[in-house]
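Novice: Just the structure for this:
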Amino acid sequence: MNLFNVLDINSSALTAERERAEVTASNMANTETTSTAGGGPYKKQLVVFGTEQPGQGRFALTMSRFGDLHARGVKVEQVVQDNAPPIRRYEPGHPDADADGYVSFPDINPVEEMVDLMGAAQAYQLNVSAVQATKAMISETIQILT
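Specialist: Model (predicted):
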């Protein structure tokens, strides 16, 4: 695997982790949202990661060795809604209360969301470190060759 493929993989991982952090922040911001445009409480969003296919173009195949053809990156396959039922709380004075005085709140645990956000931030930082190490290796290689 060449160093430029490593940069491509890290770049795709950075993009995926950024989107994961954005979705998690949106979940945290909507922990108390009881009414949405679609009706009902906000539904927690979940990020599904997948692998990117390596370059299939003629140039990519020509410039790659066999080992590079198996290198892949990370991508967000989709963002899906959590199917967990809402949490019902008895709050008869709330504007979204039903006839029995219960309000449906999103089933979002702020502690779990914070841990997920910290995981996304740590994964992002690890990929930044890998990019910096790869750039340093490329720079050293250029200095050796010149």
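Novice: CA atoms for contacts and neighbours, from now on please.
Specialist: Will do.
Novice: List the buried residues of the helix ranked longest in the chain.
Specialist: Secondary structure of the chain per DSSP state H: the longest helix is helix 110-145. The neighbour-count check on helix 110-145 (16 or more other C-alpha atoms under 10 Å) flags 113-114, 116-117, 120-121, 123-124, 127-128, 130-131, 134-135 as buried.
Novice: Check stretch 97-110 too.
Specialist: Quick answer for stretch 97-110 (16+ other C-alpha under 10 Å): A97, Y102, V103, S104, F105, P106, D107, I108.
Novice: Below-threshold pLDDT in this protein: ranges please.
Specialist: For the chain, the stretches with pLDDT under 70 are 1, 53-71.
Novice: Is the most centrally placed residue in the chain in a helix, a strand, or coil?
Specialist: What sits nearest the mean C-alpha location of the chain, by C-alpha atoms, centre = their mean, is R20, with 2.2 Å. Here R20 takes the helix state, with states given by DSSP: H, G, I helix; E, B strand; the rest coil.
Novice: Alright, that wraps it up for me.
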